[in-house]
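Chemist: no sequence on this one, just coordinates:
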């Protein structure tokens, strides 16, 4: 009988301890302390093979800025950039045609009306461009950054 009582007390003690830990984790998750978006590293990547490279990026106020570098040996014309961000940000598009000569960079400002300072922005963007031959191509990329004040 004493063995059964000891086993039951052991299970009850550890059961309560596990329950307390689960409640604590649930409370942290509920109040946003354990948001995985906050732990993502900042990055800007454009799909390989396109010849374009994300040289720099930032987000502040109501604008996301991308600096795109042309790694090709010929001039490309960027005709559109569309950013679709997840979470509490926005979907924005810019259609300002700009030319980027070989091995040079150009900055693109994408207006977003819902940026909040301090929020992590995670989104996908597409870049539509054409080479000298005139054929239009689209490449995709991913952006993770924090909006500045």
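Modeler: Looks like it came in fine. Keep in mind it's a predicted model, so treat the numbers as computed, not measured. Residues are numbered from 1 along each chain as shown.
Chemist: and the contacts of stretch 118-129?
Modeler: With contact meaning C-beta atoms under 8 Å, 6 or more residues apart in numbering, stretch 118-129 is reached by 37-38, 40, 46, 50, 52, 59, 64, 66, 68, 76-89, 115, 136-147, 149. Heads up, the C-betas are built off the backbone N, CA and C, glycines and all.
Chemist: cutoff 7 Å now
Modeler: Where contact means C-beta atoms under 7 Å, 6 or more residues apart in numbering, the residues beyond stretch 118-129 that reach it are 37-38, 40, 46, 52, 59, 68, 76-89, 136-147.
Chemist: and the residue sitting nearest the centre point of the chain, which of the three is it?
Modeler: Centroid check for the chain by C-alpha atoms, centre = their mean gives residue 122 as the closest residue, at 2.2 Å. Following DSSP: H, G, I helix; E, B strand; the rest coil, residue 122 is assigned to strand.
Chemist: what does the pLDDT read for it?
Modeler: Residue 122 is assigned 84 on the pLDDT scale.
Chemist: let's have the chain start at 3 instead
Modeler: In the new numbering, first residue 3, that becomes residue 124.
Chemist: hang on, the earlier thing: list buried residues within the contacts of stretch 120-131.
Modeler: 48, 54, 61, 70, 78, 80, 82-85, 87, 91, 141, 143, 145-147, 149 (16 or more other C-beta atoms under 10 Å).
Chemist: so where's the chain uncertain?
Modeler: Low-confidence segments of the chain, defined by pLDDT under 70: 3, 38-40, 88-98, 151.
Chemist: care to break it down by domain?
Modeler: If you go by automatic domain parsing, the domain ranges for the chain are 3-36, 40-148.
Chemist: point out the most buried one among those.
Modeler: Each of those was scored by mean neighbour count; the highest is domain 40-148, a mean of 16, by mean count of other C-beta atoms under 10 Å.
Chemist: distance from that one to the middle of the chain?
Modeler: In terms of C-alpha atoms, centre = their mean, to the nearest Å, the centre of domain 40-148 is set 12 Å apart from its chain centre.
Chemist: tell me if residue 9 really is in a helix.
Modeler: Yes - applying three-state DSSP, one finds residue 9 inside a helix.
Chemist: what pairs with residue 48 across the strands?
Modeler: According to DSSP bridges, the partner residues bridging residue 48 are residue 143.
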